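sharing a sequence plus its predicted fold:
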Amino acid sequence: MNLSVDFLGVNMKNPITTASGTFGSGMEFNEYTDISKLGAVTTKGVAVEPWEGNCVPRVCETPSGMLNAIGLQNPGADVFIKRDLEFLKQFDTNIIVNICGHSEEEYLACIDKMNDTDADIFEINISCPNVKSGGIAFGTDPKMVEHITNIIKQRSKKPIIMKLSPNVTDIKVMAKAAEAGGADAISLINTITGMKIDIHKRSFALANKTGGLSGPAIRPVAVRMVYEASSAVSIPVLGMGGIRTAEDAIEMMMAGATMVAVGTANFNNPIVTSEIIDGIKRFMEEQGISDIKDIIGIV
Amino acid sequence: MSTNVNRKPILFGKVVSQREISEDIYDLTLDISGYADLIQTIQPGQFASLYTDDSSMLLPRPISICDISKDEGLIRFVYRKVGGGTGLFSNLKPGDSLKMIAPLGNGYEVLDKINLKDKNCLAIGGGIGIPPMLLLSKVLSQAEANVTAVLGYRTDDLFLSEDFKPYAELLISTDDGKAGVKGTVIDAITASGVKADMIFACGPMPMLRGVKVYAEKESIEAYVSLEEHMACGIGACLGCICKTVEVDSHSHVKNARICKDGPVFNAKDIEI
Ligand SMILES: Cc1cc2nc3c(=O)[nH]c(=O)nc-3n(C[C@H](O)[C@H](O)[C@H](O)COP(=O)(O)OP(=O)(O)OC[C@H]3O[C@@H](n4cnc5c(N)ncnc54)[C@H](O)[C@@H]3O)c2cc1C
Ligand SMILES: Cc1cc2nc3c(=O)[nH]c(=O)nc-3n(C[C@H](O)[C@H](O)[C@H](O)COP(=O)(O)O)c2cc1C
Ligand code: FES
């Protein structure tokens, strides 16, 4: 039985990674679950300089999901390289570094710093709904998507995944723009912009007013978008959005994802990634699937 | 590296008893004797993340550890029923199982670092911040400190106050004046004239601000326990920060993670 996949020339022992921002750099979750078991760890978004993030409350629960407006708090590239990458390097897993920026220059400066590190792949967040500039501003205009992909691709020494926003009318257009810009892969979906109001306090549940919706509540949207995007491009897709069980991951792969990231579900169960990997094995046994690659985009 | 790490368990506690000790206040005791080593490590001020069995409520509920029995392997929580999650917990019956991770966060770590003998300590709890003061008072009194528990209530239901009596002198304040001093915990302290070398506090933010101001004025070292909405509960998501005076060690901005770096902080290190 073969669970491994080739993703952008990197051999992944299985198709499961973590969704950026839900797993830190693995330090905390490794106390509960063996991160070496993962195909890759995708790290929290990192920028060239430290970012403070938003005011609290930054998170709230919603039915089968949650809203977050962390605002990409991060320690900046230098600390990240010294501490987080040094930590991750010890493990038998691949490293996908998620990169954010407020401007083209900031993205490129961060890429420059990460180019000569042990990162295997870069995931470029052009879809964060919770920062005022950068993020989603880049990710919702196809011309910008193509342009930013292009300049990052030229600068990067590692394969790049462009992380797309679901907050668009036609995801296929964005996927094609990333492909045209030279992306090695795309990942989707980032969170869907939402809002919650505390009716007793008569005010917003989050200090940022709006936040990004994640968790099982968004899974059907994610599956649809992964299906549409993967059908529109010939580069591989990293699928995410609401994955909580092995069945969910398999569904995402059947929709067209080569790899699958698990995010919010980690908060519900700190060992969920390990359970998903075991569950995929069981499903393959039961269904007589000898190679996981055989189910990618099978629908 | 990957295989020889001692992983932390996901605990399944077995309900031993649950009682409604005041309106909407529940007192829940669970057997976690299967995790004997872990119980030994629990410090006052630490909390547990409790998971509901309703899959539409994804996030764990952070609840302070109110008391433990190291010999019997018991852990006790006292919580107020305020919403969906605590509503489900309030239905738990003896024999039921509850999933959690614990202990989490840094409690009153300072207790390990100083000689508490004969120190005058105030354990200040307001409302649903009272429960964690119980384990604290117990540990302080075992270390032969002189403990005064200053408990602030809305009215005279005074839940849990009897439990403090073996460990602490009691000072009570109530919002409506039906018991103890009418007013805040600080009013109760001032009225009694009690002198303190150290302060420990947990409760609503206005109370904690009052404690911080009082401690600064009186030059008393104060440790306060903070609350914030949480997602991971273990320091990974950066959902639960508080502003700090100095640059924090994790993100190198001025944001400490309440779930991991706290929930207990030296009052002078945080901006509240
Ligand atoms: C470190 C810490 C210790 C705590 N200790 C206690 C305790 O000992 N006893 C007690 O009664 N309460 C305690 N609380 C508050 C307790 O976590 C909330 O009352 C509880 O999560 C409410 O859950 P719910 O599903 O009933 O309410 P809902 O309002 O339905 O919850 C919805 C979401 O909001 C979160 N939430 C709601 N209120 C709070 C709050 N005040 N703080 C943090 N998250 C909140 C919930 O966890 C959940 O994710 C503590 C909070 C923290 C952060
Ligand atoms: C608390 C939190 C923080 C996040 N931070 C980031 C981030 O830093 N960079 C990023 O590209 N996506 C971030 N995301 C989005 C996730 O990586 C993912 O795309 C989204 O949550 C959908 O997956 P899920 O439903 O499995 O969580 C974050 C999501 C959450 C819930
Ligand atoms: S709740 Fe995730 S960092 Fe505190």
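Arrived safely, thanks for sending. Ligands and ions are numbered 1, 2, ... in the order given.

what helices or strands is the helix or strand containing A:F122 leaning on?
Following DSSP states H and E, one finds A:F122 within strand A:121-125. With contacts taken as 3 or more Cβ pairs under 8 Å, 6 or more residues apart in numbering or on different chains; DSSP states H and E, strand A:121-125 sits against strand A:94-99, helix A:104-115, helix A:142-155, strand A:160-163. Every C-beta, even on glycine, is put in place using the N, C-alpha and C of the backbone.

please state the offset of the helix or strand following that strand from the chain centre?
Using DSSP H and E, the helix or strand that follows strand A:121-125 towards the C-terminus is helix A:136-139. Put simply, helix A:136-139 sits 15 Å off its chain's centre (Cα atoms, centre = their mean, to the nearest Å).

up against chain A, what does the stretch 51-200 of chain B have?
Residues of the stretch 51-200 of chain B that fall close to chain A, judged by Cβ under 8 Å from any Cβ of the partner chain: B:Y51, B:S55, B:S56, B:M57, B:L58, B:L59, B:P60, B:I101.

for the fifth one, give its distance to ligand 1.
Yep, that's B:L58 we're talking about. Separation of B:L58 from ligand 1 (Cβ to the nearest ligand atom, to the nearest Å) stands at 8 Å.

can you pull the contacts of A:G211?
With contact taken as Cβ atoms under 8 Å, 6 or more residues apart in numbering or on different chains, A:G211 is in contact with A:58-60, A:67-69, A:129-130, A:191, A:193-196.

which of these count as buried?
A:R58, A:V59, A:C60, A:L67, A:N68, A:A69, A:P129, A:N130, A:T191, A:T193, A:G194, A:K196 (16 or more other Cβ atoms under 10 Å in any protein chain shown).

look up phi and psi at the fifth one.
The one in question is A:N68. phi -130, psi 150 (degrees, to the nearest 10).

so it versus B:V194, what's the distance?
43 Å (Cβ to Cβ, to the nearest Å).

can you say which of the helices and strands packed on strand A:121-125 is packed in most?
Most buried of those, by mean neighbour count (mean count of other Cβ atoms under 10 Å in any protein chain shown): strand A:160-163, with a mean of 28.

what's it packed up against?
strand A:121-125, helix A:142-155, strand A:185-188.

quick one: closest of the ones you listed to ligand 3.
strand A:121-125 (18.7 Å; Cβ to the nearest ligand atom).

what pairs with the closest one, parallel or antiparallel?
With DSSP bridges as the test, strand A:121-125 is paired with strand A:94-99 (parallel), strand A:160-163 (parallel).

now render the ones you listed as CSV, adding mean pLDDT and distance to A:D120.
Below are the strands paired with strand A:121-125 laid out as CSV (pLDDT from 0 to 100; distance: least, Cβ to Cβ, whole Å):
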stretch, mean pLDDT, distance to A:D120
strand A:94-99, 98, 5
strand A:160-163, 98, 11
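
quick revisit: can you tell me which of the contacts of A:G211 is nearest B:K217?
Proximity of those to B:K217 (Cβ to Cβ) peaks at A:R58, which lies at 32.2 Å.

my guess is the closest one contacts A:A207. True?
Yes - counting by Cβ atoms under 8 Å, A:R58 sits close enough to A:A207 to count as a contact (7.0 Å).

near ligand 1, anything from stretch B:19-31?
No - using Cβ under 6 Å from any ligand atom, stretch B:19-31 stays clear of ligand 1, coming no nearer than 7.7 Å.

list the buried residues in the lengthiest helix in chain B.
For chain B, the longest helix by residue count, based on DSSP state H, is helix B:205-218. Going by neighbour count (16+ other Cβ under 10 Å), the buried part of helix B:205-218 is B:M207, B:L208, B:G210, B:V211, B:K212, B:Y214, B:A215.

quick one: the residues you listed as JSON lines, columns for pLDDT too.
Putting the buried residues of helix B:205-218 into JSON lines (pLDDT from 0 to 100) gives the following:
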{"residue": "B:M207", "pLDDT": "97"}
{"residue": "B:L208", "pLDDT": "97"}
{"residue": "B:G210", "pLDDT": "97"}
{"residue": "B:V211", "pLDDT": "97"}
{"residue": "B:K212", "pLDDT": "97"}
{"residue": "B:Y214", "pLDDT": "96"}
{"residue": "B:A215", "pLDDT": "97"}
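
which one of these is nearest ligand 1?
Using Cβ to the nearest ligand atom, B:L208 is the member of the buried residues of helix B:205-218 that lies nearest ligand 1, at 12.7 Å.

show me the residues around that closest one that make contact.
B:A201, B:C202, B:V224, B:L226, B:A267, B:I272.

export those residues as CSV, with columns for distance to B:N255.
Putting these into CSV (distance: Cβ to Cβ, whole Å) gives the following:
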residue, distance to B:N255
B:A201, 21
B:C202, 21
B:V224, 17
B:L226, 12
B:A267, 17
B:I272, 13
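
which among these end up buried?
By 16+ other Cβ under 10 Å, these give B:A201, B:C202, B:V224, B:L226, B:A267 as buried.

distance to ligand 1 added to those residues, as CSV?
Converted to CSV, the buried ones among the contacts of B:L208 look like this (distance: Cβ to the nearest ligand atom, whole Å):
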residue, distance to ligand 1
B:A201, 13
B:C202, 8
B:V224, 12
B:L226, 7
B:A267, 16
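
of those, closest to A:S290?
Using Cβ to Cβ, B:L226 comes nearest to A:S290 of these, at 52.7 Å.

does the residue of chain A positioned farthest from its centre belong to a helix, a strand or coil?
Distance from the C-alpha centroid of chain A peaks at A:H200, with 34.4 Å (Cα atoms, centre = their mean). Judged by DSSP: H, G, I helix; E, B strand; the rest coil, the three-state class of A:H200 is coil.

who does whichever strand in chain B runs longest pair up with?
Scanning chain B for the longest strand, with DSSP state E as the assignment, gives strand B:11-22. Within its sheet, strand B:11-22 is paired with strand B:25-31 (antiparallel), strand B:97-104 (antiparallel), according to DSSP bridges.

closest one to B:I75 among these?
Of all the strands paired with strand B:11-22, strand B:25-31 sits nearest to B:I75, with 5.3 Å by Cβ to Cβ.

which residues of the chain score low on pLDDT?
As the question left the chain open, I've gone with chain A. Residue ranges of chain A with pLDDT under 70: A:129-136.

other chain: chain B
In chain B, residues with pLDDT under 70: B:1-5.

sec struct for residue 249, please.
As the question left the chain open, I've gone with chain A. helix.

ok, back up a step: now, the buried ones among the contacts of B:L208 that are in strands?
In strands, defined here by DSSP E, the members of the buried ones among the contacts of B:L208 are B:A201, B:C202, B:V224.
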